[in-house]
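Colleague: Just the structure for this:
(chains A, B, C and D)
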2 protein chains.
Amino acid sequence: MRKIDLTNFQVATSETARDINRRIMLNLVRKHQPVSRADLARHSGLQRSTVSAIAEQLLEQNWLKEGAVGQSQRGRKPRFLHLNAQRAGLFGINVRPGITYMALANLNGEFLAQDTIPTPVQFSQFIDEVSQRIQSLKTTYPEFSYEGIGVSLPGRMDMASGRVVFSPNLGWEKEDLKTSLESATGLPVELENEANTCALSEFWFGRETEGVSNLVAVAVSEGIGTGIILNGQLVRGPFGLTGEFGHVSLVEDGLRCSCGNRGCWEMYASNWAALRYFAEANASDSKRGRDQHPSRFVHAFEELLRLAEQGDLGAGAALDQMAHYLGLGIALLVNGLAPDVIVVVGEVTRAWDRVGPIISETVKRHSFSQATTRIIASGPAPLPRLRGIIALMLQKRFGAPSIA
Amino acid sequence: MRKIDLTNFQVATSETARDINRRIMLNLVRKHQPVSRADLARHSGLQRSTVSAIAEQLLEQNWLKEGAVGQSQRGRKPRFLHLNAQRAGLFGINVRPGITYMALANLNGEFLAQDTIPTPVQFSQFIDEVSQRIQSLKTTYPEFSYEGIGVSLPGRMDMASGRVVFSPNLGWEKEDLKTSLESATGLPVELENEANTCALSEFWFGRETEGVSNLVAVAVSEGIGTGIILNGQLVRGPFGLTGEFGHVSLVEDGLRCSCGNRGCWEMYASNWAALRYFAEANASDSKRGRDQHPSRFVHAFEELLRLAEQGDLGAGAALDQMAHYLGLGIALLVNGLAPDVIVVVGEVTRAWDRVGPIISETVKRHSFSQATTRIIASGPAPLPRLRGIIALMLQKRFGAPSIA
DNA sequence: CATTTTTGTCTGGACACCAAATGTAAAGTT
DNA sequence: AACTTTACATTTGGTGTCCAGACAAAAATG
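Modeller: Residues are numbered from 1 along each chain as shown, chains lettered A, B, ... in the order given. Now for the predicted structure:
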């Protein structure tokens, strides 16, 4: 039960009920499509007349389409309804150090086109290149009604102002990405932290998350970020700062981290940490990785994965150590938040057969027996980020309306 | 924005709008009472006619009372409305090892009577004694409409079944406290973890939490529990297990905790930890405290506080060390959750002049500079728990309705 | 005493949901 | 082939709610 915030609330009007039921209808169509009005009435508990009225509105506004006539054992055959996929064209952009992924998705969250570009170092160049590609995609798919652009970023941003608050890996702090991209493309832009988008991706599209309302995503790359969904909604906190569990001290008086703290989780469980373990074991330069160009760094970790897969003992040991520390941090999340699901995202999941059991074992040893949290691996990046940023925009239509 | 859970949702009816607006009205009356209908219309943005209609309903159902005629500079004088305090008599029970606190509160959350009893070891005896006192209070205050009993417990409980899931300090696991107390008193009973009630107390009654929607309570006693409020609502998680940050490993390979883990936060920052520090420094028996009867143990920590206040260096050093570790754990919460406010609850707040600065300093050293979390001390126990369990029940009437 | 200002109520219209009747269409039955 | 049954979908009348504006009531002002 939520407290009503008297500094910022809104009363209900006579249209509030319709708003609520319309969103429920859209969700039911999304889940069961193609589906008849009668079925929708049964699923929702609304009267058939009400369902017809809502459907009529949604058909008028092009959110739904009437499809083929369906089959039934006896009686009049139903006229199926389904989402009008073309009603929303959504651009998802996943900005990573070194490389930027772009995608076009429809109302069903299905991808129609994907593209990658090297992430320009210059901010203005980034805006130019991205808006140019968006323009070209818009002309390639003229049948869509374009609704917006979502950007997944390694950083934290303030929702109110739309500005990036904290982004050490990109260096775009203080840049007004939202406004710049909006004026360049003419489409509304939404920003979100990449760990949060990973969480949203699993929450809205995950197969193992049916009925789940508490979920934490652990996004493992150069660093570690966490996206936290509790009570069925993303937790952003003031300035979107919630979720920096990667900078929690796991090792007392441990390695100094760029954040100023010591012994941060991400110093021991990130891709970079694994490369460090590998380098240290080989008694070579321990600074390897950090000094390389970001995209080359990604390749270094993928090489480590490949080496381990091929049976290299040193690479395997580095991954094992990384997995151990991943487990320690995840145990902390299990104890403290006890979500239904923790989903691990990142290149490391490609070696899940190896790291998964180590993580599970470590978590079991360091957490309550009562906690029933499932720990699962997500698909390979960059898909979770792109799917998640699309989910963020779909939420606008399919999420529960904000009331009171 | 919340995702709609299609396994468990409810559609809007024609009364949904009224339900929403009625709750907003109740909140506005609570905040501004005594207040006129015209003022309520201005505060809410509803039409005066609508406000009158809602007020009429609430007056009929005795939630509101029409008070004195107020003053105004010009024009017709307003007829003031205020909450009918007697409309709800709420019993709050705070069960602690050794001692149980009881209180009777009204719809305004004001306390009318308070009482304490030694916590019986036998569960059945507890039910008997509590229901007997409740019966006696009901006859003393016959003018109330009694709405329920809330119980604050050191443990975790499953909302669905109402059973205690985990309660090492009470030993009432598997007991059906809710049903037992309900059948003994004839009143509906709600259970809640004590750290959660501390959070609710500050959230609903705190003076420094206006407009705050993310708050974490750190309840420090024999152990440490955390109550987490995010996006304006309590996070309970499956089986109410969310919030056991007290059992997060802060010290690698540290002291073994009763939970099975090693180096748990509460092994280093609880009252018991401070007593251990004190005992260790005095080279005496390090098991002191654990072996004592719970209520005597409370007295031991209060004695430590008194000693420190009187200038005892050893006692002061023990508190300082406790404060340091409190700061470490709180820094973790600041980094990971970045709430607007963290409120510390417990006997230790009586020495806030001493421990507050140490906590702040430690948090500052171990967390982001961006985080704007305020760290405050709550009033002395047992008030927060009692106020919080009352808040839990008041939520039923004043919280936002659950929709979709 | 008329005017102005403010509070509170009343009335008609719009919107939404519900329940039941009606219309529509197809399959099964006689 | 005509009738009955079944199921889908729409129409109609009733109720609840909010809104906008008119109206009534009450008190200060000029």
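
Colleague: distance of whichever residue of the stretch 151-300 of chain A sits closest to DNA strand C from chain B?
Modeller: Per C-beta to the nearest atom of the strand, A:Gly232 is where the stretch 151-300 of chain A lies closest to DNA strand C, at 21.5 Å. Every C-beta, even on glycine, is put in place using the N, C-alpha and C of the backbone. Distance, A:Gly232 to chain B, by C-beta to the nearest C-beta, to the nearest Å: 5 Å.

Colleague: What of A:Pro401?
Modeller: Per C-beta to the nearest C-beta, A:Pro401 is found 7 Å from chain B.

Colleague: what does A:Trp63 give?
Modeller: Using C-beta to the nearest C-beta, one gets 16 Å for the distance from A:Trp63 to chain B.

Colleague: And that residue, its phi and psi?
Modeller: Backbone geometry at A:Trp63, expressed as degrees, to the nearest 10, gives phi -70, psi -30.

Colleague: so it touches A:Ala85, yeah?
Modeller: No: applying C-beta atoms under 8 Å, one finds A:Trp63 not in contact with A:Ala85, separated by 10.5 Å.

Colleague: what sits in contact with each of those two?
Modeller: A:Leu107 (C-beta atoms under 8 Å, 6 or more residues apart in numbering or on different chains).

Colleague: out of these two, which sits in the busier spot?
Modeller: With neighbours defined as other C-beta atoms under 10 Å in any protein chain shown, A:Trp63 and A:Ala85 compare such that A:Trp63 has more, 20 against 17.

Colleague: Would you quantify the distance from the more buried one to DNA strand D?
Modeller: Separation of A:Trp63 from DNA strand D (C-beta to the nearest atom of the strand, to the nearest Å): 16 Å.

Colleague: buried sites along stretch A:56-76?
Modeller: Going by neighbour count (16 or more other C-beta atoms under 10 Å in any protein chain shown), the buried part of stretch A:56-76 is A:Leu58, A:Trp63, A:Leu64, A:Lys65.

Colleague: ok now do the second one, which residues does it touch?
Modeller: Remark: with contacts taken as C-beta under 8 Å, 6+ apart, A:Trp63 is in contact with A:Leu26, A:Leu83, A:Asn84, A:Arg87, A:Leu107, A:Arg397.

Colleague: quick one: which of those has the most company?
Modeller: Highest neighbour count within the contacts of A:Trp63: A:Leu107, with 24 neighbours (other C-beta under 10 Å).

Colleague: picking that back up, got CSV for the contacts of A:Trp63, with pLDDT and secondary structure too?
Modeller: Output for these, formatted as CSV (pLDDT from 0 to 100; DSSP: H, G, I helix; E, B strand; the rest coil):
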residue, pLDDT, secondary structure
A:Leu26, 97, helix
A:Leu83, 96, strand
A:Asn84, 96, coil
A:Arg87, 96, helix
A:Leu107, 97, coil
A:Arg397, 96, helix
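
Colleague: how about A:Gly254, secondary structure?
Modeller: When classified by DSSP: H, G, I helix; E, B strand; the rest coil, A:Gly254 comes out as coil.

Colleague: from the stretch 51-200 of chain A, which residue is nearest to DNA strand C?
Modeller: Shortest the stretch 51-200 of chain A-to-DNA strand C distance, computed as C-beta to the nearest atom of the strand: residue-wise this is A:Arg76, at 3.4 Å.

Colleague: for the residue of the stretch 151-300 of chain A closest to DNA strand C, phi and psi?
Modeller: When read as degrees, to the nearest 10, the backbone of A:Gly232 gives phi 80, psi 10.

Colleague: Now do the contacts for it.
Modeller: Counting by C-beta under 8 Å, 6+ apart, A:Gly232 makes contact with A:Ser213, A:Ala400, B:Arg2, B:Lys3, B:Asp5.

Colleague: Quick one: residues contacting the last one.
Modeller: With contacts taken as C-beta under 8 Å, 6+ apart, B:Asp5 has the following neighbours: A:Gly211, A:Ser213, A:Gly232.

Colleague: switch to 10 Å and redo it
Modeller: Going by C-beta atoms under 10 Å, 6 or more residues apart in numbering or on different chains, B:Asp5 touches A:Asn27, A:Glu210, A:Gly211, A:Val212, A:Ser213, A:Gly232, A:Ala400, B:Ala404.

Colleague: and the first one, how far is that from A:Leu83?
Modeller: Distance, A:Asn27 to A:Leu83, by C-beta to C-beta, to the nearest Å: 10 Å.

Colleague: and for those two, which residues touch both?
Modeller: Common neighbours of A:Asn27 and A:Leu83, using C-beta under 10 Å, 6+ apart, are A:Arg397, A:Phe398.

Colleague: Determine the number of other residues adjacent to the closest residue in space to A:Pro34 that isn't next to it in sequence.
Modeller: Nearest non-adjacent residue to A:Pro34, counting by C-beta to C-beta, 6 or more residues apart in numbering or on different chains: A:Phe80, 3.6 Å away. The number of residues packed near A:Phe80 is 19, by other C-beta under 10 Å.

Colleague: Now flag whichever of the contacts of A:Trp63 is closest to chain B.
Modeller: Using C-beta to the nearest C-beta, A:Leu26 comes nearest to chain B of the contacts of A:Trp63, at 9.0 Å.

Colleague: Surely A:Glu208 touches A:Ile342?
Modeller: No: checked against C-beta atoms under 10 Å, the pair A:Glu208 and A:Ile342 is beyond contact range at 11.5 Å.

Colleague: So those two - more neighbours on which side?
Modeller: Per other C-beta under 10 Å, whichever of A:Glu208 and A:Ile342 has more neighbours is A:Ile342, with 23 against 11.

Colleague: Distance from the chain centre to stretch A:82-101, please.
Modeller: 12 Å (C-alpha atoms, centre = their mean, to the nearest Å).

Colleague: Stretch A:150-167 now?
Modeller: The answer for stretch A:150-167 is 14 Å, by C-alpha atoms, centre = their mean.

Colleague: pLDDT of it, averaged?
Modeller: In this model, stretch A:150-167 has a mean pLDDT of 84.

Colleague: ditto for stretch A:312-329
Modeller: On average, stretch A:312-329 scores 94.

Colleague: Output it as CSV - backbone C-alpha positions only.
Modeller: What follows is stretch A:312-329, C-alpha atoms only, in CSV (Å, rounded to 0.1, in the frame of the first residue of the first chain):
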residue,chain,number,x,y,z
ASP,A,312,43.1,-22.9,-20.5
LEU,A,313,43.5,-23.4,-16.7
GLY,A,314,44.6,-19.9,-15.9
ALA,A,315,41.6,-18.4,-17.8
GLY,A,316,39.3,-20.8,-16.0
ALA,A,317,40.7,-20.0,-12.6
ALA,A,318,40.2,-16.2,-13.3
LEU,A,319,36.6,-16.9,-14.2
ASP,A,320,36.1,-19.0,-11.1
GLN,A,321,37.5,-16.2,-8.9
MET,A,322,35.2,-13.7,-10.7
ALA,A,323,32.3,-16.1,-10.1
HIS,A,324,33.1,-16.4,-6.4
TYR,A,325,33.0,-12.6,-5.9
LEU,A,326,29.8,-12.4,-8.1
GLY,A,327,28.3,-14.9,-5.6
LEU,A,328,29.4,-12.8,-2.6
GLY,A,329,27.7,-9.7,-3.9
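
Colleague: Is any residue of that stretch near chain B?
Modeller: Yes: Stretch A:312-329 reaches chain B (C-beta under 10 Å from any C-beta of the partner chain) through A:Leu328, A:Gly329.
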